[in-house]
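Novice: here's a sequence, model it:
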Amino acid sequence: MRERLLASSYASFQLLMVEEAIPWPEYRVVVFRDEVVACYRRRPLEVKGNGQATIEELLRRKQKKFSQSARAKRFNIHDPRIARRLRKEQKDFATILPAGERYTVHDISNSSAGGEIEDYTERIHPYWSALCIQVVADMGLRLCGVDLACPDLESIGANYSILELNAAPGLSNYVAMGAVQKKRVREMYGKIFSEEFDVPTARLSPTIGRWKEIAADDLS
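Specialist: Residues are numbered from 1 along each chain as shown. Predicted coordinates:
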């Protein structure tokens with residue numbers, strides 16, 4: 001039965017990629033050469049009930065909060081995936097969550113789907129930093145975002161899975177967290193441009209060279 005439903009749902013597709021589900025927390029570890037510039041945990045979009053507001057109202061408030069934080073990526077409140085998840089759990093946009101109840105709106109933590117982040121730059125264990133730095137070096141890259149799934153990034157010995165390597169990691173949502181995060185990213189681009197153009201960091205513009213579009217998006 002399940003196979004028939006899947007077949008009918010995806011009948012219009014010529015190619016499907018099926019990946020193993022990894023049940024662990026997801027992290028993005030940003031590496032530049034031999035250092036971890038930033039590390040953050042990625043969480044799916046979530047709302048917290050107050051006993052009065054509907055799920056749609058809570059989502060609109062979350063959207064407004066994102067806008068006020070200068071976050072580059074928003075999310076579509078009426079994304080069909082949100083509606084499907086609500087139906088699956090016998091809820092809808094008019095459902096009022098009890099005070100204090102947290103509801104995960106999406107199954108994915110992508111920033112385009114409203115995914116939120118928690119800074120782990122000061123918490124990542126050196127073991128995982130070294131692992132990510134080595135992976136990036138093995139790929140012949142200078143800058144890379146390593147998407148890592150791991151039960152515990154603050155200690156060694158845990159199982160892990162490398163989900164993806166991103167050679168042009170966007171950091172605008174990380175920068176939007178605050179001044180500390182923006183400083184880290186600005187310093188990273190300073191080093192990139194300093195190497196690329198062999199000029200003092202103090203004289204660099206964040207909108208030059210082959211990194212100008214990425215840097216402008218991240219630091220605007």
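
Novice: and the lengthiest helix in the chain, what does it pack against?
Specialist: Among the segments of the chain that qualify as a helix by DSSP state H, the longest is helix 179-197. Applying 3 or more C-beta pairs under 8 Å, 6 or more residues apart in numbering; DSSP states H and E, we find helix 179-197 packed against strand 26-32, strand 35-43, helix 172-175, helix 212-219. Where C-beta positions appear, they are placed from N, C-alpha and C, glycine not excepted.

Novice: give the buried residues for that helix.
Specialist: Across helix 179-197, burial judged by 16 or more other C-beta atoms under 10 Å covers 181-182, 184-186, 188-193.

Novice: hang on, the earlier thing: closest to residue 65 out of the helices and strands packed on helix 179-197?
Specialist: Shortest distance between residue 65 and the helices and strands packed on helix 179-197, using C-beta to C-beta, is found for helix 172-175: 12.8 Å.

Novice: any idea of the mean pLDDT in the closest one?
Specialist: The average pLDDT for helix 172-175 rounds to 86.

Novice: which elements pack onto it?
Specialist: So helix 172-175, by 3+ C-beta pairs under 8 Å, 6+ apart, packs with strand 116-119, helix 179-197, helix 212-219.

Novice: and that helix, C-alpha only, in CSV?
Specialist: Extracted C-alpha coordinates of helix 172-175, given in CSV (Å, rounded to 0.1, in the frame of the first residue of the first chain):
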residue,chain,number,x,y,z
SER,A,172,23.7,35.9,6.2
ASN,A,173,21.4,34.2,8.8
TYR,A,174,24.4,33.5,11.1
VAL,A,175,25.4,37.2,10.8
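
Novice: could you give the mean pLDDT of the longest helix of the chain?
Specialist: 85.

Novice: any stretches of this protein with poor pLDDT?
Specialist: Counting by pLDDT under 70, the chain shows low-confidence ranges at 1-10, 70-73, 196-220.

Novice: how about the strands in it?
Specialist: Counting by DSSP state E, one finds strands in the chain at the ranges 26-32, 35-43, 46-48, 102-104, 116-119, 143-149, 161-166.

Novice: tabulate these (CSV), appending mean neighbour count and distance to residue 13.
Specialist: Below are the strands of the chain laid out as CSV (neighbours: other C-beta atoms under 10 Å; distance: least, C-beta to C-beta, whole Å):
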stretch, mean neighbour count, distance to residue 13
strand 26-32, 24, 25
strand 35-43, 20, 26
strand 46-48, 16, 30
strand 102-104, 13, 27
strand 116-119, 16, 30
strand 143-149, 21, 24
strand 161-166, 14, 21
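
Novice: how near is residue 177 to residue 106?
Specialist: 20 Å (C-beta to C-beta, to the nearest Å).

Novice: likewise residue 40?
Specialist: For residue 40, the distance to residue 106 - C-beta to C-beta - is 17 Å.

Novice: also residue 88?
Specialist: For residue 88, the distance to residue 106 equals 12 Å [C-beta to C-beta].
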